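Trainee: Here is my input, please return the structure:
(one chain, ligands or ions: 2)
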Amino acid sequence: MKLLVVGSGGREHAIARKLLESPQVEQVFVAPGNDGMTLDGLEIVNIGISEHSALIDFAKSNDIAWTFIGPDDALAAGIVDDFNQAGLKAFGPTKLAAELEWSKDFAKEIMVKYGVPTAAYGTFSDFEEAKAYIEKQGAPIVVKADGLALGKGVVVAETVEQAVEAAREMLLDNKFGNSGARVVIEEFLDGEEFSLFALVNGDKFYILPTAQDHKRVYDGDKGPNTGGMGAYAPVPHLPQSVIDQSVDSIVKPVLDGMIREGRPYLGVLYAGLILTKDGPKVIEFNSRFGDPETQIILPRLTSDFAQNITDILAGKEPDITWLDAGVTLGVVVASDGYPLAYEKGVALPEKTDGDIITYYAGAKFAENSKALLSNGGRVYMLVTTADSVKAAQDKIYKKLAQQETAGLFYRHDIGSKAL
Ligand code: AMP
Ligand code: GLY
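Mentor: Residues are numbered from 1 along each chain as shown. Ligands and ions are numbered 1, 2, ... in the order given. Predicted structure coming up:
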């Protein structure tokens, strides 16, 4: 079987690499992918994620069994609808089902309608009304651009002034363009944050190990939000009862709600949750795998991933199995300056082998050579599995200390909250 993965980051590297492990899979193509992926035997295809008809032609002429869609913007642009219309199978939600991610206001409406616990909120397109709401609610308070903003359209404001400023930037100064033409302003939820993923087809779903991302750029959760600087799975201090409660109060009702709305969900559902004193509550839904969570979840899968997705697409029960011991932990290495402006073209260390995996994101071969250079904000990620968070940290940080990382940086405390 030949498969196609759409996307170019570390998440897509992890998906494609896992698919290629299957004895039934001859070739995995990634469009557009990145040069680092080719070191793992993946084949990159020079077609962008928004070129739906070129991707469809490629899938048809290469006999692709099905396509796995990585990024949210492709889903929001209706890539799955286009593949389906062309008679091709794709793992990911349709545009209407993916609205759970691409409109925070829609996600809130669904949560309220189907009784899913989430922060109290208001949605505004008028700045004066937003300002009045913020002043009435007080701080801390959270201001979010309604649309997609690469994880950067959220301001957790400690003061009323900061919140008003954030609303002003989004509504009056168009900081996030159309994505910020409406803002969702919501109650600040206090508690431990974790991510819960499910592979879904309609009302059938399969829960993955819990994961914890580290969204802030610097150690100690300081600095602005990023796409994610490191993660680990499972989260050892989350009892099974919290997972069960999240499934019953969040995953089941939202999937049933989507069916009732005529938007049945297929693909990966990603619930970003906060464990408050009143139980788990939703901070956001995403309609795809997380990056960097995928890179630390998929190495724990011990079943045949390609077969699992084939079965889920066909509505059959998949036989999914996981490592049940130890912890998988990964640290993202990013370009100096990320998430703001950064340089490209820094020489990257050798790919690791053995029990430390290197997943590449912003990486590109130098001209006329196979030397990898940085080519993005998040550049690569080292991932390992060990008996404990501490043991995994020791392995990764020892390896990172041996690597030449001038021009790059990473957090030194990934997983430390679990110690
Ligand atoms: P989002 O893009 O919605 O995941 O938000 C980015 C980050 O902002 C989250 O990972 C949280 O750390 C934080 N955040 C978002 N919403 C809230 C909330 N209502 N209360 C507290 N923190 C939040
Ligand atoms: N790790 C956060 C995200 O993928 O949105």
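Trainee: Show me what residue 335 is bridged to.
Mentor: residue 408 (DSSP bridges).
Trainee: Run through the strands of the stretch 101-250 of the chain in chain order.
Mentor: Per DSSP state E, counting those that start in this stretch, the stretch 101-250 of the chain carries strands over the ranges 121-124, 141-145, 154-157, 183-187, 192-201, 204-207, 212-213, 216-218, 222-225, 230-233.
Trainee: quick one, which of the ones you listed is packed in tightest?
Mentor: A comparison of these by mean neighbour count, using mean count of other CB atoms under 10 Å, puts strand 230-233 on top with a mean of 29. From N, CA and C alone the C-beta is placed, and that goes for glycine too.
Trainee: quick one: that strand near ligand 2?
Mentor: No: for strand 230-233, no contact with ligand 2 is found by CB under 6 Å from any ligand atom; the gap never falls below 7.1 Å.
Trainee: Run a quick neighbour tally on the closest residue to ligand 1 within the stretch 251-400 of the chain.
Mentor: Ligand 1 sits closest to residue 284 of the stretch 251-400 of the chain, with a gap of 3.6 Å, by CB to the nearest ligand atom. Per other CB atoms under 10 Å, the neighbour tally for residue 284 reads 19.
Trainee: Grab the nearest non-local neighbour of it.
Mentor: Closest residue to residue 284 apart from its sequence neighbours, by CB to CB, 6 or more residues apart in numbering: residue 272 at 4.5 Å.
Trainee: The one you found: what's it in contact with?
Mentor: Applying CB atoms under 8 Å, 6 or more residues apart in numbering, we find residue 272 in contact with 193, 195, 282-286.
Trainee: residues from the chain in reach of ligand 1?
Mentor: Counting by CB under 6 Å from any ligand atom, the chain comes close to ligand 1 at 119, 142, 144, 151, 154, 156, 186-189, 193, 215, 225, 272, 283-284.
Trainee: Reduced to three states, what does the closest residue to residue 91 other than its chain neighbours come out as?
Mentor: Excluding the flanking residues, the one nearest residue 91 by CB to CB, 6+ apart is residue 68, at 4.8 Å. With DSSP: H, G, I helix; E, B strand; the rest coil as the basis, residue 68 sits in strand.
Trainee: just the one 5 residues further on next, same as before
Mentor: On the three-state scheme (three-state DSSP), residue 73 is labelled helix.
Trainee: Burial check on it, number of neighbours?
Mentor: For residue 73, the tally of surrounding residues (other CB under 10 Å) stands at 16.
Trainee: Check the gap between the spatially closest residue to it that is not a sequence neighbour and residue 276 for me.
Mentor: Ranked by CB to CB, 6+ apart and with sequence neighbours excluded, the top spatial neighbour of residue 73 is residue 148, at 6.1 Å. Going from residue 148 to residue 276 by CB to CB, to the nearest Å gives 26 Å.
Trainee: Looking at stretch 196-211 now, give me its mean pLDDT.
Mentor: Across stretch 196-211, pLDDT averages out at 98.
Trainee: Span of it from start to end?
Mentor: End-to-end distance of stretch 196-211: 7 Å, with CA to CA, to the nearest Å as the criterion.
Trainee: Show residues contacting it.
Mentor: Identification of contacts with stretch 196-211 by CB under 8 Å, 6+ apart yields 194-195, 231-235, 238, 243, 246-247, 250-251, 255-256, 259, 264-271, 273, 289-290, 293, 296-297, 300, 308-309, 312-313, 315, 317-318, 320, 322.
Trainee: Narrow those to those in helices?
Mentor: Residues of the contacts of stretch 196-211 located in helices (DSSP state H): 243, 246, 255-256, 259, 293, 296-297, 308-309, 312-313.
Trainee: Throw together a ChimeraX command that grabs the buried residues out of these.
Mentor: Selecting only the buried entries of those in ChimeraX, with 16 or more other CB atoms under 10 Å as the criterion:
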select :243,246,255,293,296,297,308,309,312,313
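Trainee: now the strands for the stretch 251-400 of the chain?
Mentor: All strands of the stretch 251-400 of the chain, identified by DSSP E, counting those that start in this stretch, fall at 266-276, 279-286, 327-335, 356-360, 363-365, 372-374, 378-386.
Trainee: Reformat those strands as TSV; add mean pLDDT.
Mentor: What follows is these, written out as TSV (pLDDT from 0 to 100):
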stretch	mean pLDDT
strand 266-276	97
strand 279-286	96
strand 327-335	98
strand 356-360	98
strand 363-365	98
strand 372-374	98
strand 378-386	98
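Trainee: tell me, what residue is most central in this structure?
Mentor: The residue lying closest to the centre of the chain (CA atoms, centre = their mean) is residue 290, at 1.7 Å.
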